[in-house]
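> everything below, folded, please.
(one chain, ligands or ions: 3)
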Amino acid sequence: MRVGTVREIKNHEYRVGLTPESAEELVLNGHEVWVETGAGDGIGSSDEHYVAAGATIKATAAEIFAECEMVVKVKEPQAVERAQLRKGQILYTYLHLAPDAEQTADLVKSGVTAIAYETVTGPGNSLPLLKPMSQVAGRMSIQAGATALQKAQGGRGVLLGGVPGVLPGKVVVIGGGVVGINAAQMAVGMGADVTILDRDPTVLERLDNHFEGRAHTLFSSHAALAAQVAEADLVVGAVLIPGAAAPKLVTREMLSTMQSGSVLVDVAIDQGGCFETSKATTHAEPTYVVDDIVHYCVANMPGAVARTSTYALNNVTLPHALRIANKGWKAALKADADLAAGLNVHEGQVTYEAVAHDLGYDYVPVASLLG
Ligand SMILES: NC(=O)C1=CN([C@@H]2O[C@H](COP(=O)(O)OP(=O)(O)OC[C@H]3O[C@@H](n4cnc5c(N)ncnc54)[C@H](O)[C@@H]3O)[C@@H](O)[C@H]2O)C=CC1
Ligand SMILES: CC(=O)C(=O)O
Ligand SMILES: [Mg+2]
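Ligands and ions are numbered 1, 2, ... in the order given. So this is what the prediction gives:
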């Protein structure tokens, strides 16, 4: 199969779909790999690195979209990229379709076979292709929040760890999954006062055991959440209902109960965000203020630490990319129900139930396409 990867064009996105090492593995499996010139610059991998791995460098993304049977990316295709997708082509990348009607409509129209990293499953309902980026974003959320809390950034001037004789800042993490535990880990490490809310008793128990008293856990009722948010210096939004738009848990009304200059970091923004006042921002302009509360809502946080993130991402995406390239998408999905869960759109049909439900498309189960 001819597999291609392009330079990412989302704002300040420096990751790349295939590292030179991944390109080499595809080549060793008998595939042809095309790479857009400069695609690896953001991770310190030059065109020469890719050539040494056996890949062919192409001058434009257009050649790759036109000629490759599978395009491996990181972020959802932008409008100019979507216009180049076509029937018979596989797109393998993050998509986050449920909150993105425009992208979904374009993918449906294009006829492309789109496999979303974020809905590929693993043992015990895990999301192994989302996990490493959630680890990165969870850890970064506290760095981002701590920076935003500084006065010059519009924050209320609180140092999360406090100092001897002054109380630490209060961090509230909503959602205790992968993002949540990594955020809490960083906040605890800085010496903040940390509370994690979740609705899943198993998750709460796991967190309680993990932190051994260094973080509090709390069932995420509306009332408990409202009370915690009112007292927080930093709130991290880390909920997920797989594939679906995030529930709006922090309302605009709740902002008025918070202290001026407090900070909201909405990591769940890629699924639409879990604060009513969230709107996606970019690394170039990561924050904005609503009702005196600083909002940080960057949808591609891991892009800022592109080298760490690209290698972490390739570790989990490459094995499936190899299976798809070796067997073809249909046989690969038929052989692996976890990979089949990644198919979101195929030849104009929406094959992921939560996306179909949220955006009003007919739902076509993947199994019905595999024969
Ligand atoms: N902005 C960015 O750059 C990135 C964003 N993400 C996003 O972060 C979000 C979280 O991802 P993960 O931690 O991997 O998901 P996860 O599935 O590991 O954890 C989500 C948690 O939310 C909990 N939850 C669901 N409803 C809740 C409610 N009403 N109150 C409290 N908790 C609730 C679930 O029980 C679960 O424990 C996802 O939307 C993911 O796409 C991930 C990586 C990068
Ligand atoms: C998960 C995601 O949206 C990202 O890594 O950018
Ligand atoms: Mg997005």
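
> what are the structural domain limits within the protein?
2-119+305-370, 131-299 (automatic domain parsing).

> okay, those in TSV with distance to Asn125 and mean neighbour count next?
All C-beta atoms are positioned from the backbone trio N, CA, C, and that covers glycine. Converted to TSV, the domains of the chain look like this (distance: least, Cβ to Cβ, whole Å; neighbours: other Cβ atoms under 10 Å):
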stretch	distance to Asn125	mean neighbour count
domain 2-119+305-370	10	20
domain 131-299	8	20
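
> my guess is Arg15 meets Asp41, correct?
No. Contact status for Arg15 versus Asp41: not in contact, 11.2 Å apart, counting by Cβ atoms under 8 Å.

> hang on, the earlier thing: redo the domains of the chain as JSON lines? Include mean pLDDT.
JSON lines is the format used below for the domains of the chain (pLDDT from 0 to 100):
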{"stretch": "domain 2-119+305-370", "mean pLDDT": "98"}
{"stretch": "domain 131-299", "mean pLDDT": "97"}
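
> tell me which residue of the stretch 101-250 of the chain lies closest to ligand 1.
Residue of the stretch 101-250 of the chain nearest ligand 1, by Cβ to the nearest ligand atom: Gly177 (1.8 Å).

> for the nearest residue to that residue once chain neighbours are set aside, give me its contacts.
Spatial nearest neighbour of Gly177, chain neighbours left out: Leu240 (6.2 Å); criterion: Cβ to Cβ, 6 or more residues apart in numbering. Each residue near Leu240 by Cβ atoms under 8 Å, 6 or more residues apart in numbering is listed here: 175, 177, 179, 246, 268, 271.

> so the helix or strand hosting the third one, near ligand 2 or not?
Translated: Val179. Val179 belongs to helix 178-190 when assigned by DSSP states H and E. No. Using Cβ under 6 Å from any ligand atom, helix 178-190 stays clear of ligand 2, with a minimum separation of 9.5 Å.

> immediately after that helix, which helix or strand?
Following helix 178-190 in sequence order, the next helix or strand is strand 193-198 (DSSP H and E).

> ligand 1 contacts on the stretch 1-150 of the chain?
The stretch 1-150 of the chain comes close to ligand 1 at residues 118, 130, 133-134, 137, as judged by Cβ under 6 Å from any ligand atom.

> among those residues, name the ones in helices.
Residues from these lying in helices, with DSSP state H as the criterion: 133-134, 137.

> which residue, other than its chain neighbours, is closest to Thr18?
Slight slip there: residue 18 is Leu, not Thr. Nearest to Leu18 is Thr5, by Cβ to Cβ, 6+ apart, at 4.4 Å.

> show me what contacts that neighbour?
Thr5 makes contacts with 16-18, 23, 33-36, 39, 64, 71-73, as judged by Cβ under 8 Å, 6+ apart.

> ok, which stretches of the stretch 1-150 of the chain are helices?
20-28, 47-52, 61-67, 79-82, 101-110, 131-148 (DSSP state H, counting those that start in this stretch).

> elements contacting the third one?
This points to helix 61-67. strand 2-5, strand 32-36 (3 or more Cβ pairs under 8 Å, 6 or more residues apart in numbering; DSSP states H and E).

> one more time with 7 Å, if that's ok
Packing partners of helix 61-67 (3 or more Cβ pairs under 7 Å, 6 or more residues apart in numbering; DSSP states H and E): strand 32-36.

> and the angle for the strand it packs on with helix 20-28?
150 degrees (axes from the mean of the first three to the mean of the last three Cα atoms, to 10 degrees).

> contacts for strand 32-36, please.
Residues outside strand 32-36 that contact it (Cβ atoms under 7 Å, 6 or more residues apart in numbering): 2-7, 18, 23, 26-27, 50, 54-58, 60-61, 64, 68.
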